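[1] what's the 3D shape of this:
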Amino acid sequence: MSTRANASENGYLSTATLLMMATATGLCAGANYFNQPLLSSMAHALNISEEMAATTVTLSQVAYALGLLFLVPLGDKLEQRALAVGLMLLAASGLAISGWGGSFSLLVVGTLITGVFSVAAQTLVPMAANLSDPLRSGRAVGLVMSGLLAGILLARTAAGLLSEIGGWETVYQVSAVLMVLLAGALLRVLPQARNPAPQSYGATMRSLLKLAAEHPRLRTRSVLGGLVFGSVSALFSTMALLLSAPPFGLSDSQIGLIGLIGVAGVVTASLAGRLSDRGLGQPVTLIAIGILLLGWIGLYLGSGSLLTFLLALLVLDVALPAVHISNQSVIYKLAPQARARVNAVYMTCYFIGASSGSALGVSAWSHAGWAGTCAVGVGFGVVAQAVLAWDQSLKRADSAQQTEQQCQPQPQ
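    Numbers count the residues shown, from 1 in each chain. Reported below is the predicted structural model:
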């Protein structure tokens, strides 16, 4: 299929191609979340403790962070379509190992492989920005990120439902096949894309530190993203443990269905992208962190009421993508020629925050129950508010500097 057949009339990516990219990012990202509603079933089937089963949540996020750090920067060096497809095929091999391995040790191996190579999703996001109309790049990123967020949120639903049909392994087996098929489809519809000025891998890695040093708002927005995702990850890593126990006693499929609430976050992602294009990213972030903290209060109060818990969960599922898309709208404008590397810096921090939140959430659950998990979530959110205040001061300083430069007399 030709490049033009998959582009709009003005030469940019068509909506149909963006939707396929969104589907791919959703499958890649969601692959790291299949385990979350299945922890109790995994523990029973593999004869391990629930706490040990929960370590797979943290391991997947650590592996994803490593992939972001060491593989995503290749998007600024290698041909991007081939890179994305190759990573997807390797991620599919990890899913196959998890699904057909039959032991906890092979589940860990498969989880690590899937986590490292499913960063294919993060090579597609900057591609969407680079190959779309610059005036609508926020919409393009929002659309592809909506697919990624939908994948994360709906992965739990698919995992729970398929577990009831064929056991906890089923979702890994099905998704391995789907990943291979989707990789083939992307190879056909995506145009080739390459950085016109590639550099060596060593120089690329060094440039990550240089980008972080040169752009203070890349640092603040990266830390902010990590803190907010860490807060929500404390919930994701322990929610199944709470809901499978009394007084709820929910099954895998019932816990998975709760993930459907998160679809509201997909709408939020698209809206946040549009508002960010209009220069409203800062207030969107402020409001989102505020409702994140309110959501944690609701989750604490909802430990004995399913309705209260679900309403609070909805609030968190709205807050997370709003902050994330606002962050990306800021960072992609800092160094347009290095978006893959900028994305690598940001998303590495994002998943370091997620793995930290997961680990601390499970630890707090083990020592202090649900109240401890909620305290971890609130703590991450409070620190995020402080980082946002820091980011706002940097934004004001940048605006003042630009105004001063505009007011200086031009040489004759």
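[2] going forward, measure contacts and count neighbours with C-alpha atoms only.
    Will do.
[3] How far does stretch 148-167 sit from its chain's centre?
    Offset of stretch 148-167 from its chain centre (C-alpha atoms, centre = their mean, to the nearest Å): 16 Å.
[4] Kindly report the same for stretch 31-47.
    With C-alpha atoms, centre = their mean, you get 20 Å for stretch 31-47.
[5] And that stretch, what's buried?
    For stretch 31-47, the buried set under the neighbour-count rule, 16 or more other C-alpha atoms under 10 Å, comprises 31-43.
[6] In helices only, show me those residues.
    Judged by DSSP state H, the buried residues of stretch 31-47 include Leu39, Ser40, Ser41, Met42, Ala43 as members of helices.
[7] closest to Asn195 among the residues you listed?
    Leu39 (41.8 Å; C-alpha to C-alpha).
[8] Quick one: residues contacting the closest one.
    Applying C-alpha atoms under 8 Å, 6 or more residues apart in numbering, we find Leu39 in contact with Glu50, Ala53, Ala54, Ala240, Leu241.
[9] ditto for Val323
    Gly225, Val228, Val284, Thr285, Ala288, Ile289.
[10] export those to a markdown table and tack on neighbour count and distance to Asn195?
    Output for the contacts of Val323, formatted as a markdown table (neighbours: other C-alpha atoms under 10 Å; distance: C-alpha to C-alpha, whole Å):
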| residue | neighbour count | distance to Asn195 |
| --- | --- | --- |
| Gly225 | 31 | 26 |
| Val228 | 31 | 31 |
| Val284 | 19 | 32 |
| Thr285 | 24 | 31 |
| Ala288 | 22 | 34 |
| Ile289 | 23 | 35 |
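[11] Where is pLDDT lowest across the residues you listed?
    Least confident by pLDDT among the contacts of Val323: that is Val284, with 89.
[12] For Lys77, see how far away Ala212 is.
    19 Å (C-alpha to C-alpha, to the nearest Å).
[13] returning to what we had before: mind giving me JSON lines with the contacts of Val323 and columns for secondary structure?
    Listed next are the contacts of Val323 as JSON lines, based on DSSP: H, G, I helix; E, B strand; the rest coil:
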{"residue": "Gly225", "secondary structure": "helix"}
{"residue": "Val228", "secondary structure": "helix"}
{"residue": "Val284", "secondary structure": "helix"}
{"residue": "Thr285", "secondary structure": "helix"}
{"residue": "Ala288", "secondary structure": "helix"}
{"residue": "Ile289", "secondary structure": "helix"}
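[14] As a markdown table, those with distance to Ala371 would be great.
    Below are those laid out as a markdown table (distance: C-alpha to C-alpha, whole Å):
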| residue | distance to Ala371 |
| --- | --- |
| Gly225 | 24 |
| Val228 | 19 |
| Val284 | 28 |
| Thr285 | 26 |
| Ala288 | 22 |
| Ile289 | 20 |
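[15] quick one on the thing from earlier: please tabulate the buried residues of stretch 31-47 in CSV, including the columns pLDDT.
    Below are the buried residues of stretch 31-47 laid out as CSV (pLDDT from 0 to 100):
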residue, pLDDT
Ala31, 94
Asn32, 92
Tyr33, 90
Phe34, 94
Asn35, 92
Gln36, 88
Pro37, 89
Leu38, 91
Leu39, 89
Ser40, 86
Ser41, 90
Met42, 93
Ala43, 91
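[16] What is the nearest of those residues to Met127?
    Ala31 (20.8 Å).
[17] got the contact list for that closest one?
    Leu95, Thr114, Gly115, Ser118, Ile152, Ala155, Tyr172, Ser175.
[18] Likewise for Ala364?
    With contact taken as C-alpha under 8 Å, 6+ apart, Ala364 is in contact with Trp370, Gly372, Thr373, Val376.
[19] In the helix or strand encompassing Leu124, which residues are buried?
    Under the criterion of DSSP states H and E, Leu124 resides in helix 120-130. Residues of helix 120-130 classed as buried: Ala120, Ala121, Gln122, Thr123, Leu124, Val125, Pro126, Met127, Ala128, Ala129, Asn130 (neighbour count, 16+ other C-alpha under 10 Å).
[20] got it, and stretch 364-373?
    Going by neighbour count (16+ other C-alpha under 10 Å), the buried part of stretch 364-373 is Ala364, Trp365, Trp370, Ala371, Gly372, Thr373.
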